[in-house]
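**Student:** Got a sequence here, can you build the structure:
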Amino acid sequence: MKKLLISILTIGVTAMFTGATPAFTAEHSHMDAAKQTTATTKATDLQAGLRDLWLGHVFWVRNVAVATRYGDNEAAKVAEENVVANAKAIAGSIEPFYGKAASDKLFGLLAGHYGAVKEFMIATYGDDKAGKVTAKDKLIKNADEIAAFLSGANPYLPKETLKGLLYAHGGHHIAQLEALAGKDYVGEAKVWDEMKAHMYVIADALAGGLAKQFPKMVN
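**Tutor:** Take a look at the predicted model:
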């Protein structure tokens with residue numbers, strides 16, 4: 001009802017400034033409000049869904065990192081299974097827009113991302129400096145590949161913007177692992193807060209790009 005009243009008031013104010021006579025019926029106004037509500041709901045649902053998926057990524061990777069740090073192999077195994085399931089869900093979220101092949105491609109890239117993070121984790125916990133450098137290089141290369149893939153699929157997702165977002169995300173993984181390795185729990189808590197907030201930035205960027213490229217599906 002509130003949206004209907006706002007719609008009616010908007011038409012009335014427009015008429016005051018243009019001299020036009022508002023021609024509408026209660027039925028038309030209700031239909032317009034319903035369409036606007038549906039569009040808003042679709043876009044909001046997409047954004048919320050992507051936020052949940054990307055937050056799940058950092059949640060389960062952190063669980064792997066903590067369980068591994070303290071030698072809980074069973075917990076690490078379960079967490080890693082969920083990392084994989086989450087990556088499949090993130091990849092699956094683009095299938096309605098780009099198809100199965102693109103979804104499979106993204107899953108492979110996300111698997112590469114996690115593989116590089118895990119390699120950095122092992123090197124960090126083992127104090128392997130050379131291994132850390134190698135893993136970090138893989139993480140950067142993978143970020144470039146994901147950025148190229150997504151920007152190639154969607155003109156509203158600039159490659160350089162995506163690279164910046166993904167580099168920052170990789171940096172959060174690195175900072176978190178180094179904090180856990182050094183038992184810097186205050187520092188790790190700070191990184192975790194930053195990491196979670198950054199997941200929303202990435203999810204919102206992807207949701208916005210999809211809404212612009214596929215307005216009929218999202219709006």
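**Student:** all contacts plus neighbour counts: C-alpha atoms, from now on.
**Tutor:** Fine.
**Student:** For this structure, give me the ranges with low pLDDT.
**Tutor:** Applying pLDDT under 70 to the chain flags residues 1-41.
**Student:** 80 instead?
**Tutor:** Scanning the chain for pLDDT under 80 picks out the ranges 1-41, 219.
**Student:** just the helices in it please.
**Tutor:** 2-18, 26-69, 73-92, 95-98, 100-125, 129-153, 159-181, 185-213, 215-218 (DSSP state H).
**Student:** What is the third one packed up against?
**Tutor:** Translated: helix 73-92. Applying 3 or more C-alpha pairs under 8 Å, 6 or more residues apart in numbering; DSSP states H and E, one finds that helix 73-92 contacts helix 26-69, helix 100-125.
**Student:** Can you give me the buried ones in that helix?
**Tutor:** By 16 or more other C-alpha atoms under 10 Å, the buried positions in helix 73-92 come out as 76, 79-80, 82-84, 86-92.
**Student:** same question, the fourth one
**Tutor:** Judged by neighbour count using 16+ other C-alpha under 10 Å, the buried positions of helix 95-98 are Glu95.
**Student:** what about stretch 103-114, distance to the chain center?
**Tutor:** Mean-position distance between stretch 103-114 and its chain equals 14 Å (C-alpha atoms, centre = their mean, to the nearest Å).
**Student:** related to what we said a few turns ago, rebuild the buried residues of helix 73-92 as JSON lines, extending it with distance to Asp184.
**Tutor:** Formatted as JSON lines, the buried residues of helix 73-92 follow (distance: C-alpha to C-alpha, whole Å):
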{"residue": "Ala76", "distance to Asp184": "20"}
{"residue": "Ala79", "distance to Asp184": "22"}
{"residue": "Glu80", "distance to Asp184": "23"}
{"residue": "Asn82", "distance to Asp184": "26"}
{"residue": "Val83", "distance to Asp184": "24"}
{"residue": "Val84", "distance to Asp184": "28"}
{"residue": "Asn86", "distance to Asp184": "28"}
{"residue": "Ala87", "distance to Asp184": "28"}
{"residue": "Lys88", "distance to Asp184": "32"}
{"residue": "Ala89", "distance to Asp184": "32"}
{"residue": "Ile90", "distance to Asp184": "31"}
{"residue": "Ala91", "distance to Asp184": "33"}
{"residue": "Gly92", "distance to Asp184": "36"}
